[in-house]
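Colleague: below are the sequence and a predicted model; questions follow.
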Amino acid sequence: MNVATKPIVTEIIRDDLEWIPIDAVAGTRNMAIKVIKVDRKKARVMFKVRFGPNSEAPRHYHFAEACAITLSGRWAYDEGEFAAGDVAYEGAGSDHTPTSEDGAELFIVLLAPEGEHRLLRNHFDDGSTSDLDFDFFAMLEGKSAAEAEAIFGALLEA
C-alpha cells in the first residue's frame, strides 16, 4: 500500500517585536499590540495585546471567533475576570468592553468565518464605529513602533 504523507510545516516566530501603542487609531486607553501572524488564506490573525494599568478597549463586536490566553496580569469584561493562565473563548457575535486595572498581557487568535474580512467592530461613545479587519492587522505585522507610528500618521491625515 502506497500512502502519501503531507509534510508538516512549522514556522517559528520569535517574540522580538516591539509593542505598538494603538490608542490613537483603535480608540483604546493605555494599550499596545504586537501582530505576530496574519494568514488571510486560513482567515486567522495571531497577536499579543498589552493592557497597561487602568486600560480599556472600546466596546467591540466580534465578526470572528477569538481565543484569548492570559499570559500575565488580570483583566476583565462583561462576562467575567481573567488571570494568568485563564483562557477566554469569544464566539462570533459576542460584544463586550475589556478593561484592566493592574495590567495584563494576552495572546489572541482571531478566526474569521469564510468570506468575512472584518474581524472586530469598535463602538465609540460618540456613536461612531470602526472596523478592525485583515488589512488593519496586516499593516502592523512585523512592524516596529516607529514604522507603525508613520503608518498611523498617514492614516490620520487621510
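Modeller: Structure's in. What do you need? Numbers count the residues shown, from 1 in each chain.

Colleague: check contacts around Asp95.
Modeller: 59-62 (CB atoms under 8 Å, 6 or more residues apart in numbering). Backbone N, C-alpha and C define where each C-beta goes, glycine included.

Colleague: just curious, which of these is nearest to Ile12?
Modeller: His62 (28.7 Å; CB to CB).

Colleague: what sits closest to that closest one if chain neighbours are left out?
Modeller: Using CB to CB, 6 or more residues apart in numbering and skipping residues adjacent in sequence, the residue nearest His62 is Ser94, 4.8 Å away.

Colleague: most centrally placed residue in this protein?
Modeller: Against the mean C-alpha coordinate of the chain, by CA atoms, centre = their mean, the closest residue is Phe47 at 5.3 Å.

Colleague: give me the element that residue is part of.
Modeller: Using DSSP states H and E, Phe47 sits within strand 44-56.

Colleague: any residues touching the lowest-mean-pLDDT helix or strand in the chain, and which ones?
Modeller: Lowest on mean pLDDT, DSSP states H and E among the helices and strands of the chain sits helix 23-26, with a mean of 84. Helix 23-26 has contacts (CB under 8 Å, 6+ apart) with 29-31, 57-58, 122, 130, 132, 152, 155-156.
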